[in-house]
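Chemist: structure for this input, please:
(2 chains)
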Amino acid sequence: MAKRKLSGSDIVIQSLIDAGVDTVFGYPGGAVLPIYDALFTQNRLKHVLVRQEGGAVHMAEGYARSTGKLGVVLVTSGPGATNAVTGLTDALMDSVPVLCLTGQVPTHLIGNDAFQEADTTGITRPCTKHNYLVKDVNDLAKVMREAMYVAQSGRPGPVVIDLPKDVLINETGYDTASKPAAKHKTYRPRIKGDSAKIREAVTLIANAKRPLFYCGGGVINSGKRGSKLLTEFVRKTGYPITLTLMGLGAFPATDKKFLGMVGMHGTYESNLAMHDCDVMINIGARFDDRVTGLISEFAPNSKKIHVDIDPSSINKNVAVDVPIIGDCASVLADMIKVWKEMKPKRDTKALNAWWAQIEKWRKRDCLRYKPSKELIKPQYALERLQALTKNRDTYITTEVGQHQMWAAQFLKFDQPNRWMTSGGLGTMGYGFPAAIGVQMAHPKATVIDVAGEASFLMNIQEMSTAVQYRLPVKVFILNNEYMGMVRQWQELLYGGRYSESYTASLPDFVKLAESYGAAGLRATKPSEVDDVIKEMLNNDRFTIADIAIDKSENCFPMIPSGAPHNEMLLGPEDEAEQPVSEEGMVLV
Amino acid sequence: MESIERHTIAVLVDNEAGVLARVIGLFSGRGYNIESLTVAEVDPESAISRITVVTSGTPMIIEQIKAQLDRLVPVHQISDLTDGGASVERELALVKVRGTGNKRVEALRIADIFRARAIDSTNNSFVFEISGSTEKLDAFINLMRPLGLVEISRTGAVAIARGAKGI
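Modeler: Below you'll find the predicted structure:
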């Protein structure tokens, strides 16, 4: 195909279209005006105008995580780029494929402290998987292709391309038919796991007496096939499985083999199984400190298998016995193959005893709470939300804090890509824009942001976006008028001195919604919860449901910081018994 | 506690803008030590630079450093010269010494023992060029100190594996 002459801006747009991108989240400004002009004259790429660039990145994250595709952001230079930094860091921590195009002052002005100039590649270097500054329009098409490849392959992550204005205006030839180079010259993620290691792992799995699958977001990132293979393998072995916050949905929550989430606010049975297991099969999780608790007493008697596509995740926090570098889906497929060949004889006696022990732990019913007729318990509200949404095509996002942990405990995910939460970075304000991104990708689905009132306020400006694009996103606020998790820690660790954790001067969320032409609902008594949820679900427009919950409820179970898994607090009655160690106090 | 080890790591990178910042940022951002770092282009045709970094940490940290470096997109290859069999390591220093009379004679005599060359000379000063192991350079500099040491410029270590095989 003959090369056409295109401007840098047209190359940006054409490259996105050629890569199958259909939606861009962005905000215009001086340096990116040429791209916005190119957007204006085409109709294949849909642009979603956000209200602050931070919102754009979270929207792209929501879009990406609910589809498995690339999320694309377009922002201007200077403040546009710096506002995107939180979202980029969030995407890096949670391995979300995001391409962020930033405007830049023209090349001859770079370094001159020009208007709206910032050292974007410098600022974003530590918070991206990779970044580029394109100084010549002739490099642009190649950089666009490479950036999209880097963002989506291996361990996915955010990639920034900084685009000086003159590069956007200059013209060069562009060949739509040109394919990316077969192999990148330096970047080559390993997909296939080492077969000897896989055999060693399967042998260990087959001979386990107290096995536990511990799986995370890596399974979800390896595509729907990853979750399918994981489910197949777990069911073949008949072993118990726990999932991290990022992994929820990788294995059906309604399956009895699922013990619930692991970690600081995970279930009693999951955490004790982690502590007592003899073979831990970690697939696509990274031994995060929220999962391990006190490292020195983490699963002390276990052999550990660790499958991860990122070699730097292996032996970072916890030394493992069988490391396997590769894509979760690929390694799982190989494991299943070896398992079938091996036809292993398992120690059924030991396994039965292990399951009996797990059932004993399960009987503690660690998520139990004291119901109330007067006050809406957050757990109750979520149980009702779960019950009333389970037959719908539902996607859940969350903000960060108590409500996030309750949502992780009480909502059940049977499929991957249905649960979008800020796990690694813990970004308050993530959930609402993420929900908008999810809804853009799934216009007909029910998309709910389970929120706290404080987090919702952090990106509340995006209400305007939701209304403009007629997105029927639901914001389900568990409103306790506190930064609940901060207050909980102050109660448990700081003698109840609630320093600055009260959310004063809250708006009337019902009126606020109405002022945008959206629907506002409120529940203040348990008896109103069902009606509010039903009305919220039946609304075909943007809806805020303000659920006034018990202000003093705390999130349990909880592993206090600096404690091992077998020292969980199951409820308020445990609080007094175990003071947190000095070592624990310095941890976050 | 695991013991702290000193490792010399060679990193082959694309010689592109910002690549050194990526490597240095990785070390500072993750709290790793840099004892010395040298960088220069070694293959102008394919624009490849070699970074030699001397670092220290527990074996688990050293493994992390290598994995993190390898993860950077413009990195071609990592080679741990401390782990990967025998290697030779050299550093170069320029050492300025000021003095007259006996001290001046003594400085020249010691320089001769260390096979340092005087590459600049005035009536009351020398600039010596010395190369060798980091320890040898340290020893030389310590001996120059009482003889009128004025200024030191050191390159940091460069290293290469012994034998016929390349990295």
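
Chemist: tell me where the stretch 451-588 of chain A has helices.
Modeler: A:453-458, A:463-468, A:484-493, A:509-515, A:526-538, A:582-585 (DSSP state H, counting those that start in this stretch).

Chemist: contacts only, for B:Ser121.
Modeler: If a contact means CB atoms under 8 Å, 6 or more residues apart in numbering or on different chains, then B:Ser121 has B:Val127 as its contacts. Using the backbone N, CA and C atoms, a C-beta is placed for each residue, glycine as well.

Chemist: who's in contact with whichever residue of the stretch 251-400 of chain A sits closest to chain B?
Modeler: Proximity of the stretch 251-400 of chain A to chain B (CB to the nearest CB) peaks at A:Ser312, 3.7 Å away. By CB under 8 Å, 6+ apart, the contact list for A:Ser312 reads B:Gln64, B:Ala67, B:Gln68, B:Asp70, B:Arg71.

Chemist: I figured the third one hits B:Gly25, correct?
Modeler: Just to be clear, that refers to B:Gln68. No: look at B:Gln68 against B:Gly25 with CB atoms under 8 Å: they stay out of range, at 10.8 Å.

Chemist: higher neighbour count, those two?
Modeler: B:Gln68 (21 against 15; other CB atoms under 10 Å in any protein chain shown).

Chemist: is that one in a helix, a strand, or coil?
Modeler: Classification of B:Gln68 using DSSP: H, G, I helix; E, B strand; the rest coil returns helix.

Chemist: quick check: the spatially closest residue to it that is not a sequence neighbour vs B:Gly132, distance?
Modeler: The shortest distance from B:Gln68 to any non-neighbouring residue, by CB to CB, 6 or more residues apart in numbering or on different chains, is to A:Ser312 (4.9 Å). The spacing between A:Ser312 and B:Gly132, counted by CB to CB, to the nearest Å, is 35 Å.

Chemist: cool, and B:Gly166?
Modeler: Applying CB to CB, the value for B:Gly166 to B:Gly132 is 24 Å.

Chemist: what about the two, which has more around it?
Modeler: Neighbour tally, B:Gly166 and B:Gly132, criterion other CB under 10 Å: the higher count belongs to B:Gly132, 18 against 7.

Chemist: just the pLDDT at the more buried one, thanks.
Modeler: pLDDT for B:Gly132: 97.

Chemist: the one 4 residues further on too?
Modeler: According to the predicted model, the pLDDT of B:Lys136 comes to 97.

Chemist: same question for the one 10 residues further on.
Modeler: With respect to pLDDT, B:Pro146 has a value of 97.

Chemist: likewise for A:Arg4?
Modeler: Model confidence at A:Arg4, given as pLDDT, is 83.

Chemist: narrow the contacts of A:Ser312 to those that are buried.
Modeler: Buried residues within the contacts of A:Ser312, counting neighbours by 16 or more other CB atoms under 10 Å in any protein chain shown: B:Gln64, B:Ala67, B:Gln68, B:Arg71.

Chemist: what's the closest non-adjacent residue to the last one?
Modeler: Setting aside the residues directly before and after it, B:Arg71 is nearest to A:Ser312 in space (CB to CB, 6+ apart), at 5.2 Å.

Chemist: out of the contacts of A:Ser312, which is nearest to A:Lys5?
Modeler: Distance ranking of the contacts of A:Ser312 against A:Lys5, using CB to CB, places B:Arg71 first at 37.9 Å.

Chemist: test my guess that the closest one contacts A:Ser313.
Modeler: No: counting by CB under 8 Å, B:Arg71 stays clear of A:Ser313, with 9.7 Å between them.

Chemist: and the closest residue to B:Leu26 other than its chain neighbours, how close does it get to A:Ile324?
Modeler: The shortest distance from B:Leu26 to any non-neighbouring residue, by CB to CB, 6+ apart, is to B:Gln68 (5.6 Å). B:Gln68 is 19 Å from A:Ile324, where distance means CB to CB.

Chemist: now do A:Ser222
Modeler: Counting by CB to CB, the gap from A:Ser222 to A:Ile324 is 13 Å.

Chemist: do the same with A:Ile305
Modeler: From A:Ile305 across to A:Ile324, the span is 7 Å (CB to CB).

Chemist: and for those two, which residues touch both?
Modeler: Common neighbours of A:Ile305 and A:Ile324 (CB under 8 Å, 6+ apart) are A:Ala201.

Chemist: excluding its backbone neighbours, what's nearest the closest residue to chain A within chain B?
Modeler: The nearest approach of chain B to chain A comes at B:Ala67, 3.7 Å away (CB to the nearest CB). Nearest residue to B:Ala67 in three dimensions, chain neighbours excluded: A:Ser312, at 3.7 Å (CB to CB, 6+ apart).

Chemist: now do A:Gly401
Modeler: A:Met485 (4.2 Å).

Chemist: who's in contact with that neighbour?
Modeler: Contacts here follow CB under 8 Å, 6+ apart; on that basis A:Met485 touches A:Val400, A:Gly401, A:Gln402, A:Met405, A:Cys555.

Chemist: one more: A:Asp531?
Modeler: A:Ala523.

Chemist: now swap in A:Val96 and tell me
Modeler: By CB under 8 Å, 6+ apart, the contact list for A:Val96 reads A:Glu61, A:Ala64, A:Arg65, A:Gly71, A:Asp90, A:Pro156, A:Gly157, A:Pro158.

Chemist: got it, and A:Val21?
Modeler: When contacts are counted by CB under 8 Å, 6+ apart, A:Val21 touches A:Leu45, A:Leu70, A:Val72.

Chemist: same question for B:Val39.
Modeler: By CB under 8 Å, 6+ apart, B:Val39 lies in contact with B:Leu20, B:Ser49, B:Arg50, B:Ile51, B:Thr52.

Chemist: also A:Thr397?
Modeler: A:Thr397 neighbours (CB under 8 Å, 6+ apart): A:62, A:420-421, A:430-432, A:434-435, A:438, A:447-450.

Chemist: if you set the cut-off to 7 Å instead, what comes out?
Modeler: Residues in contact with A:Thr397 (CB atoms under 7 Å, 6 or more residues apart in numbering or on different chains) are A:Gly62, A:Met420, A:Thr421, A:Gly431, A:Ala434, A:Ala435, A:Val438, A:Asp449.

Chemist: could you find the closest non-adjacent residue to the second one?
Modeler: I take that to be A:Met420. A:Thr397 (4.3 Å).

Chemist: please state the offset of the lengthiest strand in chain B from the chain centre?
Modeler: As assigned by DSSP state E, the longest strand anywhere in chain B is strand B:87-98. Here the centre of strand B:87-98 is set off from its chain's centre by 9 Å, with CA atoms, centre = their mean, to the nearest Å.

Chemist: and what of stretch A:250-262?
Modeler: 18 Å.

Chemist: what of stretch A:569-585?
Modeler: 29 Å.

Chemist: thinking again about what came up before, top of the contacts of A:Thr397 by neighbour count?
Modeler: A:Ala434 (39 neighbours).

Chemist: wait, a helix at that one?
Modeler: Yes: according to three-state DSSP, A:Ala434 belongs to a helix.

Chemist: how is chain A partitioned into domains?
Modeler: A:4-174, A:195-363, A:378-548 (automatic domain parsing).

Chemist: could these go into CSV alongside distance to B:Pro59?
Modeler: As requested, the domains of chain A are arranged in CSV below (distance: least, CB to CB, whole Å):
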stretch, distance to B:Pro59
domain A:4-174, 24
domain A:195-363, 9
domain A:378-548, 26
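
Chemist: for B:Val97, find the nearest of those domains.
Modeler: Of these, nearest to B:Val97 by CB to CB is domain A:4-174, at 39.5 Å.

Chemist: strands along the stretch 251-400 of chain A, start to end?
Modeler: A:258-261, A:279-283, A:303-308, A:322-325, A:394-398 (DSSP state E, counting those that start in this stretch).

Chemist: export the ones you listed to TSV and tack on distance to A:Phe542 and mean pLDDT?
Modeler: Listed next are those as TSV, based on distance: least, CB to CB, whole Å; pLDDT from 0 to 100:
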stretch	distance to A:Phe542	mean pLDDT
strand A:258-261	30	98
strand A:279-283	38	98
strand A:303-308	39	98
strand A:322-325	44	98
strand A:394-398	14	98
